[in-house]
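Asker: Sequence and predicted model, in that order:
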Amino acid sequence: LAAGAQAQVPAFQTTAPFAYMMSADTGAVLYDKNGTETMAPSSMAKMMTTYVVFDMIRKGTAKLTDQITVSPETWRAWNNRGSTMFLSPNQSVSVEDLLHGVVTLSGNDACVVLGEGLAGTEQAFVDVMNQTARRLGMTGSHFTNTTGWPDEAQYVTARDMAILGYRTIRDFPDLYRDFYGLSSYSHGQTMGGKPIVQGNRNPLLYRVPGSDGLKTGHTEAGGYGLTGSTLRNGQRLIIVLNGLTSMQERADESAKFMEWGLRTFQTVKLFRKGAIVETAPVWLGAEKTVPLTVARDAAFTTSRVARSNMKVTVRYTGPIPAPIKAGQHVADLVVAAPGQQPLTIPLVAARGVEKAGVFGRIMAGFRNTLFGTPAIEAK
């Protein structure tokens, strides 16, 4: 996750005990209410189940076409227990269908079947979930099951859920597009043989244009929650709310929160990957200067009010001594706006610079004798 900035703007007032907003473009933390306090994940934990399966598909250890058989024991344990995909005992189901059952239908049965089918046991799958959480930097979270079913030993933070949403979108853009954001999905049949169609519970999909994920959740103890993402006008925001008292309150608060973020903040595109930002002088090099560039697209999220006073500065200590390798971190791009913590973006050498030859070093030494050591520069 890129270094972010905490924006100081008039606070959004929410009834949610836990609320968090992050720019998916820059990693800037835009709103934080108890973001590092532990809370019950409820069905939002299924985002981690989904992430692990996506990761297995990327690594080639699982395929969307793989078939998993629903064991009678798992069917008995999860048949109509909370949200369900309406699986049947001994039914063979593809990983693709099961993922839709998890993401769109929030099926507890689908989660357990995936865990058992891909890792042998649900507990073995949960172990991978926790290993993955640590790898992603989710320092305040611990999972005990694939479903988010209430367990005092299972907890997350709003910050961690935002990170998980961000990494799902960034790491698996194609799978995210194919599985998240569906308004409904059909699986199973009624006693009369009619298809069972269930709607996605995510209220952002219906109330906020540009919304395409991620997951709702609810438990009696933890209340109603949501991790959501919206892409509008080239800017993507991720929000997390939890602890609300009803589905209606969740729908209202999430829509207001997301719309406030989209109105208040703006992601400013600074430089594309590979663009030359500045040139810096080189000491004892075969070339006198080295071009500086960004290793990836550089952007900054700030409030629309503060943008007019945004300042961008290149900082380095120079001249930069040769040899310099292409891609070497030699300077920083510092972006600042009123009321925000500055964002520092590494600048790297766009090309390598070798040491000067013997004659060049002699001449540099001669100049140093006449004029002194070159001054330290900061730009």
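Answerer: Here it is on my side, so go on.

Asker: Quick one: residues contacting the residue nearest to the spatial centre of the chain.
Answerer: Taking Cα atoms, centre = their mean as the criterion, Tyr166 is the residue nearest the geometric centre of the chain, at 1.2 Å. Taking Cβ atoms under 8 Å, 6 or more residues apart in numbering, we find Tyr166 in contact with Leu1, Met22, Ala24, Gly27, Ile238. Placement of C-beta: from N, CA and C, glycine included.

Asker: ok, so what distance separates the fourth one from Arg250?
Answerer: This means Gly27. 26 Å (Cβ to Cβ, to the nearest Å).

Asker: same question, Arg76
Answerer: 31 Å.

Asker: neighbour-wise, which of those two wins?
Answerer: For Arg76 and Arg250, the more surrounded residue by other Cβ atoms under 10 Å is Arg250, and the numbers stand at 26 against 10.

Asker: Surely that one and Leu226 touch.
Answerer: Yes. Counting by Cβ atoms under 8 Å, Arg250 touches Leu226, with 5.7 Å between them.

Asker: got any residues that touch both of those two?
Answerer: Pro203, Thr216, Leu241.

Asker: Show the pLDDT at the first one.
Answerer: The pLDDT attached to Pro203 in the predicted structure is 97.

Asker: name the element the nearest residue to it once chain neighbours are set aside belongs to?
Answerer: Nearest residue to Pro203, sequence neighbours excluded (Cβ to Cβ, 6 or more residues apart in numbering): Ala251, at 3.6 Å. If you go by DSSP states H and E, Ala251 is part of helix 247-264.

Asker: what's the answer for Ala77, then?
Answerer: helix 72-78.

Asker: for the helix or strand following that helix, which positions count as buried?
Answerer: Downstream of helix 72-78, the first helix or strand assigned by DSSP H and E is strand 92-94. Within strand 92-94, the residues that count as buried by 16 or more other Cβ atoms under 10 Å are Val93.

Asker: Strand 92-94 - what's its average pLDDT?
Answerer: 97.

Asker: In the chain, mark out all the helices, start to finish.
Answerer: Assigned by DSSP state H, the chain shows helices spanning 46-59, 72-78, 95-103, 108-119, 122-135, 158-171, 173-179, 204-207, 247-264, 358-371.

Asker: and the ones you listed, which one is worst for confidence?
Answerer: Across the helices of the chain, helix 358-371 gives the lowest mean pLDDT, at a mean of 52.

Asker: Who is the closest residue to Ala24 other than its chain neighbours paired with across the strands?
Answerer: Using Cβ to Cβ, 6+ apart and skipping residues adjacent in sequence, the residue nearest Ala24 is Arg236, 4.0 Å away. Bridge pairing for Arg236 (DSSP bridges) gives the partners Leu231.

Asker: okay, now Arg236: neighbour count?
Answerer: Count around Arg236 with other Cβ under 10 Å applied: 19.

Asker: again, but for Trp78
Answerer: 23.

Asker: who touches it in this structure?
Answerer: Trp78 neighbours (Cβ under 8 Å, 6+ apart): Thr84, Asn108, Asp109, Val112.

Asker: about what we covered before: give me the distance between the residue nearest to the centre of the chain and Thr293.
Answerer: On the measure of Cβ to Cβ, Tyr166 and Thr293 end up 25 Å apart.

Asker: One more: Val102?
Answerer: For Val102, the distance to Thr293 - Cβ to Cβ - is 41 Å.

Asker: can you give me the end-to-end distance of stretch 340-357?
Answerer: Distance across stretch 340-357, first residue to last, is 46 Å (Cα to Cα, to the nearest Å).

Asker: Stretch 201-212 too?
Answerer: Start-to-end span of stretch 201-212 (Cα to Cα) is 12 Å.

Asker: Could you tell me which residues within it count as buried?
Answerer: So stretch 201-212, judged by 16+ other Cβ under 10 Å, has buried residues Arg201, Asn202, Pro203, Leu204, Leu205, Val208, Ser211, Asp212.
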